[in-house]
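Engineer: predicted model and sequence follow; I will ask about them next.
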Amino acid sequence: MSEEADKFVPDKDLLAALIQMGINENLAKEALFCTGNKSVDDAINYIVNNKDERNELGRCEDSGKGMQDSSDADWEDQGLANYKMVHVVNCSLKMKTGKIAAQVGHACLGLYRSMFKENQEELNQWEELGEKKVVLKGNDAEHLKQLYHKAISEGLPAYLVRDAGHTQIASGSLTVLSLFGIEEHVENITGKLPLL
């Protein structure tokens with residue numbers, strides 16, 4: 001870490017606003033440092049644009065010290081677990097692409113919101129490592145229910161989406177299952193399912 005980064009003091013109001021949005025404190029400080037401590041918008045743009053290149057405070061492009069990519073060894077050294085969010089789509093409904101995208105969006109937000117207060121540390125680690133997500137094919141509603149119950153029995157957060165029935169499918173149809181956890185635990189439940 002550079003001497004400049006060591007002496008950096010983030011604007012307390014900007015830092016508080018970023019943390020209030022659910023952004024990890026270290027990432028918020030890095031974003032403020034790398035964008036000149038000017039605004040929340042600049043910091044968020046930095047975070048979004050550098051999602052795949054998480055780095056240490058003071059290692060950003062704008063600091064003149066160069067980017068340093070995080071490797072798997074880095075996150076293991078930091079004691080971070082590799083979390084993953086998986087979305088399993090009910091393929092028996094034969095939803096069109098846009099409908100699937102909307103339902104996966106509902107599932108992702110629903111699961112995230114259900115976890116926000118109780119699982120903040122896990123969500124922060126997931127964010128730090130790039131928010132790994134994958135969408136898989138499920139057979140039908142019964143299959144999604146079985147996967148849901150297995151996830152819950154193993155202590156993994158899970159969320160089921162039922163459609164409101166405004167467009168292509170009947171109201172109450174089970175469309176998507178989302179689950180979250182350490183990658184190997186999630187893989188124990190969904191690892192044999194094909195990608196959508």
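Structural biologist: Alright, I've got the coordinates.
Engineer: who's in contact with whichever helix in the chain runs longest?
Structural biologist: The residue-count maximum for a helix in the chain (DSSP state H) belongs to helix 97-115. Helix 97-115 is contacted by residues 85, 87, 89, 95, 122-123, 133, 135, 157-159, 161, 163, 167-169, 175-180, 196 when judged by CB atoms under 8 Å, 6 or more residues apart in numbering. The way it works is simple: take the backbone N, C-alpha and C, and place the C-beta from them, glycine included.
Engineer: quick one: list the elements packing against the helix or strand following it.
Structural biologist: Counting by DSSP states H and E, the next helix or strand C-terminal to helix 97-115 is helix 120-128. The contact analysis (3 or more CB pairs under 8 Å, 6 or more residues apart in numbering; DSSP states H and E) places helix 120-128 against strand 83-90, helix 97-115.
Engineer: ok, which of these comes nearest Leu14?
Structural biologist: Proximity of the helices and strands packed on helix 120-128 to Leu14 was assessed by CB to CB; the nearest stretch is helix 97-115, lying at 23.5 Å.
Engineer: mind saving the C-alpha coords of the longest helix of the chain as CSV?
Structural biologist: C-alpha atoms of helix 97-115 as CSV (Å, rounded to 0.1, in the frame of the first residue of the first chain):
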residue,chain,number,x,y,z
THR,A,97,-36.0,-15.1,-22.9
GLY,A,98,-37.3,-11.8,-21.6
LYS,A,99,-39.7,-13.5,-19.2
ILE,A,100,-36.8,-15.7,-17.9
ALA,A,101,-34.6,-12.6,-17.4
ALA,A,102,-37.3,-10.8,-15.5
GLN,A,103,-38.0,-13.8,-13.3
VAL,A,104,-34.3,-14.3,-12.5
GLY,A,105,-34.1,-10.6,-11.7
HIS,A,106,-37.0,-11.1,-9.2
ALA,A,107,-35.3,-14.1,-7.7
CYS,A,108,-31.9,-12.4,-7.3
LEU,A,109,-33.4,-9.3,-5.7
GLY,A,110,-35.8,-11.4,-3.5
LEU,A,111,-32.9,-13.6,-2.2
TYR,A,112,-30.6,-10.6,-1.7
ARG,A,113,-33.3,-8.6,0.3
SER,A,114,-34.1,-11.7,2.4
MET,A,115,-30.4,-12.0,3.3
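Engineer: hey, what's Val176 bridged with?
Structural biologist: On the basis of DSSP bridges, Val176 is bridged to Val89, Val161.
Engineer: distance of it from Leu93?
Structural biologist: 10 Å (CB to CB, to the nearest Å).
Engineer: cool, and Asn139?
Structural biologist: 11 Å.
Engineer: which one of those two is surrounded by more residues?
Structural biologist: Leu93 (20 against 14; other CB atoms under 10 Å).
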